[in-house]
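Novice: next one to model:
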Amino acid sequence: METKSSEQVGSRLLFEDERIRLWELSVAPDESLDEHIHRLNYAYFVTQGGLLRFADVDNPSEFNDVQFTDNQVAFIPVSEEGRVDKRLTNVGENHHRNYIIEVKKAASQS
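Specialist: Residues are numbered from 1 along each chain as shown. As a prediction, the model looks like this:
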């Protein structure tokens, strides 16, 4: 059985307008966020780094552990097909928190 990806890319949506969506991703040790799909280019800013495991729930032996650090920032371009992040679980000892800014469209030129 194949898992369907969620459209929810964070723990909670903090803000949305016609240009951006701002999400908080907050996971305590042993907490998880289901597999999700990014459909928009996005940037993230890590305020509390943690060790996150991205794993395929249909095949848990396939996983990738990523250590995030405080103040880490990145921009991630997303193709038309979208970008799937497998289920993520905080496998570290520290609470992990970051903010995700999805870019819905460019500001209009004046």
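
Novice: chain center to stretch 83-92, what's the gap?
Specialist: Offset of stretch 83-92 from its chain centre (Cα atoms, centre = their mean, to the nearest Å): 8 Å.

Novice: distance between the ends of it?
Specialist: Length of stretch 83-92, first residue to last, Cα to Cα, to the nearest Å: 24 Å.

Novice: what residues of it count as buried?
Specialist: Buried residues in stretch 83-92, counted by 16 or more other Cβ atoms under 10 Å: 83, 85, 86, 87, 88, 89, 90, 91, 92. (C-beta placed from N, C-alpha, C; glycine too.)

Novice: which residue sits closest to residue 95, ignoring its sequence neighbours?
Specialist: The shortest distance from residue 95 to any non-neighbouring residue, by Cβ to Cβ, 6 or more residues apart in numbering, is to residue 28 (5.1 Å).

Novice: wait, what's in contact with residue 16?
Specialist: Applying Cβ atoms under 8 Å, 6 or more residues apart in numbering, we find residue 16 in contact with residue 22.
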